[in-house]
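In: No sequence on hand, only this structure:
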């Protein structure tokens with residue numbers, strides 16, 4: 001193994017979009033959380049290119065899921081898993097009461 005992983009690009013994009021974040025905004029939030037995930041790393045992961053294990057680990061930390069969940073060879077996450085991963089961020093991003101059905 002060369003220390004690089006291919007992540008589930010569709011899942012990554014869905015997780016980011018569930019937080020109503022652009023790639024640039026996500027990179028900024030990562031920096032605020034002291035995660036070393038650059039805009040180019042986000043773009044690379046979301047287009048299906050291999051990323052370093054450290055990037056995969058920090059993306060998993062950002063979304064509060066396991067690295068295994070983000071790997072491309074896993075089944076896509078169901079919507080409930082996506083919501084569970086993004087709930088901690090919703091209150092910080094959305095105005096009170098927004099995004100509820």
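Out: Good, I have the coordinates. Remember, it's a predicted structure, so these values are computed and weren't measured experimentally.
In: Quick one: distance of stretch 51-58 to the chain centre.
Out: Between the centre of stretch 51-58 and the centre of its chain there are 11 Å (Cα atoms, centre = their mean, to the nearest Å).
In: Buried residues in it, which are they?
Out: 51, 55, 56, 57, 58 (16 or more other Cβ atoms under 10 Å). Bear in mind the C-beta positions are built from the backbone N, C-alpha and C, glycine included.
In: How much space separates the fourth one from residue 71?
Out: I take that to be residue 57. For residue 57, the distance to residue 71 equals 12 Å [Cβ to Cβ, to the nearest Å].
In: same deal with the third one?
Out: When distances are taken as Cβ to Cβ, residue 56 and residue 71 turn out to be 8 Å apart.
In: Residues that sit against both of the two, list them.
Out: 5, 7 (Cβ atoms under 8 Å, 6 or more residues apart in numbering).
In: and stretch 46-60, how far apart are its ends?
Out: Using Cα to Cα, to the nearest Å, the end-to-end distance of stretch 46-60 comes out at 13 Å.
In: quick one: average confidence on that stretch?
Out: Mean pLDDT, stretch 46-60: 95.
In: For it, which outside residues touch it?
Out: Stretch 46-60 is contacted from outside by 2-7, 9, 12-13, 16, 23, 30, 35-37, 41, 44-45, 66-67, 69-72, using Cβ under 8 Å, 6+ apart.
In: Filter these down to just the buried residues.
Out: 5, 7, 9, 12, 16, 23, 30, 35, 37, 41, 44-45, 69-70.
In: wait, which of these is closest to residue 85?
Out: Of all the buried ones among the contacts of stretch 46-60, residue 85 sits closest to residue 69, with 8.2 Å by Cβ to Cβ.
In: Secondary structure of that closest one: a strand, I assume?
Out: No - using DSSP: H, G, I helix; E, B strand; the rest coil, the assignment for residue 69 is helix, not a strand.
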